[in-house]
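Visitor: I need the structure of the sequence given here:
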Amino acid sequence: MHDINTFLPFWEGFSVTAIRPDGDDLLIDLIPQSTRLPTCSGCHQPSTTIHEYCQRSIRDLPILGRLVQLNVELRRVGCSTCGKRMESVRCLDRYSRITKRLAEAVIQACQRLPTLHVASSLVCIGTACACWSDGRYKTHLRSYRRRSPDAW
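Guide: Have a look, this model is predicted:
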């Protein structure tokens, strides 16, 4: 039997524990790999002290035409320098509810397609609006020349 993590290598440092269909969505449960020490999101130093575990629901790019909802177990670390902080995760921005991969895909798609098309094909409308309103992504979108409705 093959390890599912070799076929879904998108979430570095995490292991897939379950995959379940939920209507048109795909729910994927992720837990941190036991061999990976959590790093502090403040100073980015590894920490051996884990204060608590928490669950976060995060959207990712669709897989096989299904929207993906990740249920990620994150750790709050007890950093000797910064105190209690959430661990730093490479594929997520701080406080984000979408992966960096999805945010970048939305930005690139919005440069070529109307936002509603992007929202219906890649993400829910709320996620597209979150990408749009985030300050870092606005700079990407401002550099894109607005198309007239005739160009659609």
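Visitor: am I right that residue 60 is in a strand?
Guide: Yes: looking at residue 60 with DSSP: H, G, I helix; E, B strand; the rest coil, it is inside a strand.
Visitor: select the longest helix from this protein.
Guide: Assignment by DSSP state H gives helix 100-112 as the longest helix of the chain.
Visitor: poorly predicted segments of this protein, please.
Guide: 1-10, 122-152 (pLDDT under 70).
Visitor: that one: strands as residue ranges?
Guide: 14-22, 25-32, 50-63, 66-79, 83-86 (DSSP state E).
Visitor: run the chain-centre distance for the last one.
Guide: Shown here is strand 83-86, whose average C-alpha point lies 20 Å from the average C-alpha point of the whole chain (CA atoms, centre = their mean, to the nearest Å).
Visitor: and for the first one?
Guide: Centroid displacement of strand 14-22 relative to its chain, using CA atoms, centre = their mean, is 15 Å.
Visitor: what is that strand packed up against?
Guide: helix 4-7, strand 25-32, strand 66-79 (3 or more CB pairs under 8 Å, 6 or more residues apart in numbering; DSSP states H and E). C-beta coordinates here come from the backbone N, C-alpha and C atoms, glycine included.
Visitor: buried ones in stretch 71-80?
Guide: Buried residues in stretch 71-80, counting neighbours by 16 or more other CB atoms under 10 Å, are found at 71, 72, 74, 75, 76, 77, 78, 79.
Visitor: return the member of those nearest to residue 45.
Guide: residue 79 (6.9 Å; CB to CB).
Visitor: what sits against that closest one?
Guide: 40, 42, 43, 45, 47, 49, 85 (CB atoms under 8 Å, 6 or more residues apart in numbering).
Visitor: quick one: those as a markdown table, columns for neighbour count and distance to residue 66 too.
Guide: Below are the contacts of residue 79 laid out as a markdown table (neighbours: other CB atoms under 10 Å; distance: CB to CB, whole Å):
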| residue | neighbour count | distance to residue 66 |
| --- | --- | --- |
| 40 | 21 | 34 |
| 42 | 14 | 36 |
| 43 | 13 | 38 |
| 45 | 14 | 38 |
| 47 | 22 | 35 |
| 49 | 12 | 38 |
| 85 | 21 | 33 |
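Visitor: between those, which is nearest residue 120?
Guide: Closest to residue 120, out of all of the contacts of residue 79 and judged by CB to CB, is residue 85, at 36.8 Å.
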